[in-house]
Structure formats: structure tokens, C-alpha cells
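Engineer: Show me the folded form of this:
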Amino acid sequence: MQKPAEALSEEEAKHQDPWQTSMRPYLEAKSQQLHRERVTRYEQIHDLAAKKVDVVTIARKLGVSRKSRL
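Structural biologist: Take a look at the predicted model:
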């Protein structure tokens, strides 16, 4: 169980995740990896959209649905 935020030292607070999805380290690592992939895809979508690339082209290039939140 995690300590309350005010009971943590400054060093412990830096290394504490803002969320905890699982008590098992391998599930936590998998969750964090999936999150990084989603963030990367989000950034790619918005970079291409800023360059005025067509939605269909973005979807095909990144392998996502056109209805994904672009």
C-alpha cells in the first residue's frame, strides 16, 4: 500500500507514479508501454494534421480508423 503523499520524502515523491493500475510489476510495465504507444500515435496524428494531411491518409499511414479522435 502506498504512503499518503504528505508522508513521502521529496525523493520518493519524484519516483511515484500518478496512478497505479496493478500490484503486479509486469502488468504495470505493460500498461505503461501501451500508454506510451498511444501518446506517440496521438502526437503523430496531430503532427500530420498540422501539416494539413488528409484524414484518410493519416488513418492509412498509422493504421487507425478514420473515426479515431483526430
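Engineer: Would you mind listing the outside residues contacting stretch 51-70?
Structural biologist: The contact list for stretch 51-70, computed with C-beta atoms under 8 Å, 6 or more residues apart in numbering, reads 41, 44-46, 48-49. Where C-beta positions appear, they are placed from N, C-alpha and C, glycine not excepted.
Engineer: Most neighbours among those residues, which one is it?
Structural biologist: Among those, residue 45 has the most neighbours (other C-beta atoms under 10 Å), with 20 neighbours.
Engineer: That one sits in which helix or strand?
Structural biologist: Under the criterion of DSSP states H and E, residue 45 resides in helix 25-50.
Engineer: Tell me which residues of that helix come out buried.
Structural biologist: Neighbour-count burial for helix 25-50 flags 45, 48 (criterion: 16 or more other C-beta atoms under 10 Å).
Engineer: so what does that helix touch, helix or strand wise?
Structural biologist: With contacts taken as 3 or more C-beta pairs under 8 Å, 6 or more residues apart in numbering; DSSP states H and E, helix 25-50 sits against helix 55-62.
Engineer: The helix it packs on vs helix 25-50, what angle?
Structural biologist: 140 degrees (axes from the mean of the first three to the mean of the last three C-alpha atoms, to 10 degrees).
Engineer: Please work out the average pLDDT along stretch 36-46.
Structural biologist: Averaging pLDDT along stretch 36-46 yields 93.
Engineer: residues making contact with it?
Structural biologist: With C-beta under 8 Å, 6+ apart, stretch 36-46 has contacts from 58, 62, 64, 68, 70.
Engineer: For residue 68, the count of nearby residues, please.
Structural biologist: Residue 68 has 13 nearby residues by other C-beta under 10 Å.
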